[in-house]
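I'd like to go over a predicted model; first the sequence, then the structure.
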Amino acid sequence: MNSERKILKIVAIASIGGGLEMYDFVIYAFFAPVIGALFFPSKNHFAELLSAFAVFAIGYITRPIGAIVFGHFGDTIGRKKTLQITILLMALATVCIGLLPTYAQIGISASILLVIFRLLQGFAVGGDFPGAITFVSEHVANARRGLHCSWIYTGINLGLTLATIASSLITWQLSSDQIQKFGWRIGFLIGVILAGVGYFLRKLLEETPYFKVLLKENFVRRFPIKVVFKNHFSLFLKALGIVCLGAVVVGHMLFMPSYLHFAAKLSLQKALLFNTGGSLVWSLFILATGYLSDKWGRRKIIWASAASLMLFSYPLFSLIATAKVGYILIGLLGFAICMSGIIGVIASTLSELFPTHIRNSGIGAAYNIGFALFCSVSPLVMTELAHRFSLEAPSYWIIGAAIITFISSFTFQETANLPLPNHPS
């Protein structure tokens, strides 16, 4: 087993790289109102926002494809090389969006190209998070896998936070007219620089000991994804059930700035600022639940998170919808606490379900199909629920996901502190 100092370096670089890549993917959501107006102009602002979120959702369509392709590479050519490829591809797609002419300049071609580049972003990010989970889980000690793997999502949350901060600074420093003309592009172009940093950091990493053994014993499968669905389909379904709530939780976070804007009557600047604070607090709770899962077990943390969201999602939305600052803060803090459990254990739980020879492919398929089904449409569904029914109605989507994950957690045995399942001898 690697020394503790080396482990911390591995965890830090893998997590930071994932965070920088996630920045590139989600910066779009924070500029959704502007992008909707520039690429899908309409007399109805609500229709523009729905169109922008629909394209955000489109980015998730290619995530399962990316998961299959890069999961295959991760299980055949190595975890490290695959992580380098995904971040370069993300940088390419992001710079293309940042330089893209608008609808007013080239007409419908702008809308089509935006969709294409979002598909490319989804393809890249589909392979990154599963690769990072696989990479970190195969380096760390069994007794601390929950804590170390929770850093991966903390890194991703850092990417979300950086995107929120960048969006906040841009909206604070520039006028609405300047943001429409060029300001929104700045966020995407910053992302290209960050992706470059992530690539060079990942070059410093060393291949995992588990994959080295896989190569040494000549147990690399030709089509690992085929093995997942043919021989381990029940594992895939269990993993998908766990991912369900995690995907909706991430979708909720991306939806929240817009919700704070139209429901809590906050300016876009204040909405982004509140979301930034919530993200930072959330990160601390994610690490705490990852640590506790090593002590108490993964399933108990999942149960607590799912049950609390079933009970408190509706009242927390009610607090935020009062548009009173104190109640808004309580609502955001409540969501951060309730949602941190599933996010803190999702990485370690997934890594402990699949054996080495299909781990990258199995995690990638379950995670990204889950996000394609549940996270991609979350901002759209929750916006529509709030518009058609009530400002508390988005809670129904979260409650439904919590029920699915709660039930799914009873389908597998506790995995905390156990060795990773290895390939058959």
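Noted; the coordinates are in hand.

OK, contacts around the residue lying closest to Met382 once chain neighbours are set aside?
Nearest residue to Met382, sequence neighbours excluded (C-beta to C-beta, 6 or more residues apart in numbering): Pro394, at 3.7 Å. For the C-beta atoms, the positions are set from N, CA and C on the backbone; glycine is no exception. Residues in contact with Pro394 (C-beta atoms under 8 Å, 6 or more residues apart in numbering) are 252, 255, 259, 317, 381-383, 385-386.

Please apply the same query to Pro421.
Counting by C-beta under 8 Å, 6+ apart, Pro421 has contacts 352-356.

how about 7 Å then?
354-355 (C-beta atoms under 7 Å, 6 or more residues apart in numbering).

Checking it next. Helix, strand or coil?
Here Pro421 is recorded as coil under DSSP: H, G, I helix; E, B strand; the rest coil.

And stretch 406-417, what's buried?
By neighbour count on 16 or more other C-beta atoms under 10 Å, the buried set for stretch 406-417 is 406, 408-409, 412, 415-417.

And the furthest pair within those residues?
Phe406 and Asn417 (22.7 Å; C-beta to C-beta).

Ramachandran angles for the closest residue to Tyr210 other than its chain neighbours?
Once flanking residues are discounted, Tyr210 sits nearest to Glu138: 4.0 Å by C-beta to C-beta, 6+ apart. The phi/psi pair for Glu138 (degrees, to the nearest 10) reads phi -80, psi -10.

quick one, what contacts Glu138?
Residues in contact with Glu138 (C-beta under 7 Å, 6+ apart) are 208-211, 420.

give me every residue that touches Leu88.
Taking C-beta under 7 Å, 6+ apart, we find Leu88 in contact with Tyr199.

After the one helix or strand it maps to, which helix or strand is next? Please name it.
Assigning secondary structure by DSSP states H and E places Leu88 in helix 79-98. Once helix 79-98 ends, the next helix or strand along the chain (criterion: DSSP H and E) is helix 103-106.

Contacts for that following helix, please.
The contact list for helix 103-106, computed with C-beta under 7 Å, 6+ apart, reads 38-39, 41, 110-111.

ok, the residues you listed vs Leu309, which is closest?
Phe39 (33.8 Å).

which SSE is the closest residue to Glu352 other than its chain neighbours in?
Distance criterion C-beta to C-beta, 6+ apart; nearest residue to Glu352, sequence neighbours excluded, is Thr415 at 3.7 Å. Under the criterion DSSP H and E, no helix or strand holds Thr415.

my guess is Thr415 contacts Arg298, does it?
Yes. In this structure, Thr415 is within contact of Arg298 by C-beta atoms under 7 Å, at 6.0 Å.

intersection of neighbour lists for these two?
Residues touching both Thr415 and Arg298 by C-beta under 7 Å, 6+ apart: Thr349.

that older thread, which of the contacts of helix 103-106 count as buried?
Buried among the contacts of helix 103-106 (16+ other C-beta under 10 Å): 38-39, 110-111.

can you give me how far the helix or strand encompassing Ser348 is from the chain middle?
Secondary structure assigned from DSSP H and E places Ser348 in helix 325-351. Its chain's average C-alpha position is 13 Å from that of helix 325-351, according to C-alpha atoms, centre = their mean, to the nearest Å.

repeat for stretch 8-21
Worked out by C-alpha atoms, centre = their mean, stretch 8-21 lies 14 Å from the chain centre.

Which of the residues in it are classified as buried?
Those buried within stretch 8-21 under the rule 16+ other C-beta under 10 Å are 9-11, 13-21.

Give me the pLDDT for Glu392.
We have a pLDDT of 92 for Glu392.

So Gly126, which state does it fall into?
Of the three states, Gly126 takes helix according to three-state DSSP.

do the same with Arg221
The three-state assignment at Arg221 reads coil, by three-state DSSP.

For burial, what's the neighbour tally of it?
17 (other C-beta atoms under 10 Å).

my guess is it meets His357, correct?
Yes. The pair Arg221 / His357 is scored as a contact, 5.5 Å apart, by C-beta under 7 Å.

Common neighbours of these two, please.
Between them, Arg221 and His357 share the contacting residues Asp75, judged by C-beta under 7 Å, 6+ apart.

that older thread, could you list which of the contacts of Glu138 belong to helices?
The members of the contacts of Glu138 that map onto helices under DSSP state H are 209-211.

buried ones in stretch 96-103?
Neighbour-count burial for stretch 96-103 flags 96-98, 100, 102-103 (criterion: 16+ other C-beta under 10 Å).

closest to Ser150 among these?
For the buried residues of stretch 96-103, the nearest to Ser150 is Ile97 (30.3 Å; C-beta to C-beta).

show me what contacts that closest one?
114, 117, 188.

Lys81: which of the residues you listed is nearest?
Taking C-beta to C-beta as the measure, Phe117 is the one of the contacts of Ile97 closest to Lys81, at 24.2 Å.

Distance check, the closest one against Phe129.
Separation of Phe117 from Phe129 (C-beta to C-beta, to the nearest Å) stands at 20 Å.

Neighbour count for the two, which is higher?
Neighbours were counted for Phe117 and for Phe129 using other C-beta under 10 Å; Phe129 has more, 27 against 22.

pretty sure the more buried one contacts Tyr367?
Yes. The pair Phe129 and Tyr367 qualifies as a contact (C-beta under 7 Å) at a distance of 6.3 Å.
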